Structures are given as C-alpha cells and as structure tokens.
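[1] what follows is a predicted protein model with its sequence.
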Amino acid sequence: MGVDGVNSAESALKAYGDTLSVTANNVANVNTAKFKPTDATMNEGVNGGVYVTLSQSSQEGTDLAKETVDMITTEEGFKANIKSLQTSEEMTKKLIDIVA
C-alpha cells in the first residue's frame with residue numbers, strides 16, 4: 001500500500017469517527033422532544049480520501065434500529081481500515097528487511 005493507500009485509510013478512520021459521533025448524538029437524544037436526528041453520509045474525496053457530509057432529517061425522533069445498524073457498519077469499517085494500515089506497516093517492515 002502506497003502513501004495514497006495510507007492516507008485513504010486514515011481519512012476513512014476519521015470519517016468513521018465523525019459518523020460514530022453523529023450516531024452517538026442521535027442515540028443520546030432518543031427521548032428528546034422534537035429532536036431531528038442527523039444523517040452522516042460518507043463520500044469519496046480527492047485521491048481516494050473519504051469525507052462525511054451531514055444533513056438533518058426532516059422527521060422527528062431517533063430510529064434506534066437504524067442507529068444500531070449504523071454503529072455495526074461503522075465498527076466494521078474501523079476494523080477494515082485498521083487492518084489495511086497494519087498490513088501496510090508489515091509490508092514496509094518486510095521491505096526494509098529485504099533491503100537491509
């Protein structure tokens with residue numbers, strides 16, 4: 001994985017962190033009257049990066065089923081991107097061992 005791959009994984013981790021914050025806020029406000037949850041959408045950025053756009057729902061109330069699915073998806077996204085960074089680190093170490 002080149003530098004672009006590392007940057008992509010790092011920006012994805014930040015985007016997943018932003019998404020998790022949105023989900024946490026929505027869940028924390030499940031009993032708040034007239035609360036309109038925020039939706040987080042992940043987008044492809046420049047050079048393979050990832051960023052999040054936020055939009056407020058037009059409907060009041062938090063859908064806990066949706067938020068649960070979002071949390072699971074976010075967790076799996078974290079795991080996948082961390083694994084790609086670990087693999088990049090292992091490959092770099094092996095390359096250094098071969099060159100040295």
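    Perfect, thanks for sending it.
[2] now the phi/psi pair for Q59, please.
    Per-residue torsions, Q59: phi -100, psi 150 (degrees, to the nearest 10).
[3] where's the nearest residue to it once chain neighbours are set aside, which helix or strand?
    Closest residue in space to Q59, ignoring its immediate chain neighbours: K36 at 7.1 Å, by C-beta to C-beta, 6 or more residues apart in numbering. Using the backbone N, CA and C atoms, a C-beta is placed for each residue, glycine as well. Using DSSP states H and E, K36 maps to neither a helix nor a strand.
[4] how close does D4 get to G17?
    Relative to G17, D4 is positioned 20 Å away (C-beta to C-beta, to the nearest Å).
[5] relative to V52, how far out is the residue nearest the centre of the chain?
    Of all residues in the chain, the one closest to the mean position by C-alpha atoms, centre = their mean is Y16, 1.4 Å from it. The gap separating Y16 from V52 is 9 Å, by C-beta to C-beta.
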